[in-house]
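Chemist: Build me a structure from this.
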Amino acid sequence: MADGGLLKKAMEQKTEDVIEADIKFESDVKSSENLLSKLGSNGMKLGLFLALIGLISGFITANPQLQQEYSLAIFLPISILSASFFFLWTSLDRKMTGVLAVFCVLLLATPYGITSLNSSSLTIVDDELSDDASQIVLKVRESGSLFGSAGGSADITINYGGEKVWSGEVSFSVDREDGIGSYGLVSLNVIDFYSGNADDNNQYVLKFVSGDSDLSYILTDSSLQRTVTEAQGDALGSIGTDADCDDHEDGCILGIGLRTWSGIDSTGTNRPTGIIHADYNVQATLYYENIDSSSISIDYPEVSVINGEATWDSMNGVYGSGNLANIGDFGSELMLDGSIEDPVIGMQYIPVDEMEISDYGCYIFEVVTSQEDPWSTSNAQTSLTYYEYTESEKEVTSGGGQGESKEEFWEQVNSC
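Modeler: Next up, the predicted model:
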């Protein structure tokens with residue numbers, strides 16, 4: 001009976017083990033089937049797809065040039081991977097939360113980690129002008145600098161319109177840091193390489209070689225537009241009426257307002273394009289009848305414009321304030337103010353009684369804009385405009401009697 005009892009117990013234990021094994025096997029099968037079904041779910045597919053997109057966008061936003069131009073670009077892969085985490089989290093067991101979080105963080109860090117493990121590389125991300133516009137300052141950003149920073153020197157060559165205009169070796173080191181990463185600055189004197197205005201057809205292309213980095217970069221056109229290629233002028237008559245005029249009942253000319261434009265020549269009848277960083281001098285003279293020193297009506301003091309700041313001798317307020325700012329910033333106009341404000345013409349004019357010659361007749365307004373090397377072209381830019389200063393009379397009847405009414409005119413004409 002004892003042997004029979006032990007045998008029975010052994011058989012029962014074996015049966016229980018088989019049942020447990022079957023249950024475990026069935027559970028494993030169900031778990032596998034459940035995982036496969038989850039992998040085939042729309043949420044899982046979308047989560048994995050977003051994870052791939054997040055990884056790709058991470059590699060794109062790891063580019064130093066993109067980081068410089070779009071500092072918030074890092075939030076793109078963060079947003080995509082956050083969405084990926086959500087869809088994966090809702091598709092899997094909640095016990096996988098920690099694993100999923102680590103997975104997404106690793107995906108985000110991978111592009112930047114690979115960049116850091118690579119050998120150091122440089123990228124020119126920006127060029128700016130110094131405060132006095134005399135230098136171009138390059139911002140050179142470094143990536144992959146985990147095992148040391150670039151530095152020492154850089155060989156730079158600058159081409160203008162396809163031809164080399166300057167080359168040299170400059171000291172360079174990555175010795176600064178901001179929220180994006182490490183960078184260095186390289187300063188170049190504009191006067192050393194300037195050869196003409198930059199535009200779409202004539203660009204300043206810089207080649208930068210330092211260590212393993214061989215870079216090409218196009219300098220900003222607006223920073224290298226310094227040569228005046230067109231000058232224009234205009235003389236406006238300030239018109240007075242009634243009490244302003246002694247014996248001209250219908251209107252008189254109180255004075256003349258002068259203005260000039262100096263910049264890059266434009267098409268048609270448009271005014272020259274402003275160039276805020278140009279240095280030049282403007283000599284404006286109003287002549288009577290002919291261009292001769294003995295025929296000067298208004299000899300305006302020479303105006304010096306340096307980096308958008310205009311200065312001249314105001315002669316104690318006879319010729320305006322003696323300074324103007326931001327010339328060329330919003331156009332190329334330079335107003336040559338007088339001593340009296342006229343809101344109609346929008347500037348200060350020089351009174352007729354302060355003109356050296358104020359007779360009726362033809363006047364010539366000459367504007368000469370000159371520059372020094374290397375900014376200048378071969379000749380100064382000159383503009384001539386012509387005006388007729390006239391008086392007209394007409395008979396009027398008033399109170400049963402007859403009389404004459406006089407009126408003065410200042411009009412632009414084609415020639416004298």
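Chemist: What are the buried residues along stretch 269-278?
Modeler: For stretch 269-278, burial by neighbour count (16 or more other C-beta atoms under 10 Å) applies to 272-278. To be clear about C-beta, it is placed using only N, CA and C from the backbone, and glycine gets the same treatment.
Chemist: mean confidence for it?
Modeler: Per-residue pLDDT over stretch 269-278 has a mean of 93.
Chemist: before we move on, what about stretch 303-314?
Modeler: Summarised as a single mean, pLDDT over stretch 303-314 is 97.
Chemist: try stretch 228-246
Modeler: Mean predicted lDDT for stretch 228-246 stands at 90.
Chemist: one step back: can you add secondary structure and give the buried residues of stretch 269-278 back as JSON lines?
Modeler: Formatted as JSON lines, the entries for the buried residues of stretch 269-278 read as follows, by DSSP: H, G, I helix; E, B strand; the rest coil:
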{"residue": "Pro272", "secondary structure": "coil"}
{"residue": "Thr273", "secondary structure": "strand"}
{"residue": "Gly274", "secondary structure": "coil"}
{"residue": "Ile275", "secondary structure": "coil"}
{"residue": "Ile276", "secondary structure": "coil"}
{"residue": "His277", "secondary structure": "coil"}
{"residue": "Ala278", "secondary structure": "coil"}
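Chemist: These: which two are farthest apart?
Modeler: The most widely separated members of the buried residues of stretch 269-278 are Pro272 and His277, with 14.8 Å between them, by C-beta to C-beta.
Chemist: In contact with Ile124, which residues?
Modeler: With C-beta atoms under 8 Å, 6 or more residues apart in numbering as the criterion, the residues that contact Ile124 are 138-141, 206, 208, 215, 217.
Chemist: 6 Å - rerun?
Modeler: Ile124 sits next to 138, 140, 215, 217 when contact means C-beta atoms under 6 Å, 6 or more residues apart in numbering.
Chemist: Identify the bridge partners of the third one.
Modeler: Think Leu215. In this entry, Leu215 is beta-bridged to Phe208, by DSSP bridges.
Chemist: from what I can see it touches Leu206, true?
Modeler: No. Contact criterion C-beta atoms under 6 Å: Leu215 and Leu206 do not qualify, at 8.1 Å.
Chemist: and those two? which has more neighbours close in?
Modeler: Leu206 (22 against 17; other C-beta atoms under 10 Å).
Chemist: May I have the residues that are in contact with the more buried one?
Modeler: Taking C-beta under 6 Å, 6+ apart as the definition of contact, the neighbours of Leu206 are 158, 217, 219.
Chemist: Redo those as JSON lines? Include pLDDT, neighbour count and distance to Leu254.
Modeler: As requested, those are arranged in JSON lines below (pLDDT from 0 to 100; neighbours: other C-beta atoms under 10 Å; distance: C-beta to C-beta, whole Å):
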{"residue": "Ile158", "pLDDT": "98", "neighbour count": "22", "distance to Leu254": "53"}
{"residue": "Tyr217", "pLDDT": "96", "neighbour count": "18", "distance to Leu254": "55"}
{"residue": "Leu219", "pLDDT": "97", "neighbour count": "21", "distance to Leu254": "49"}
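Chemist: Alright, I will stop here.
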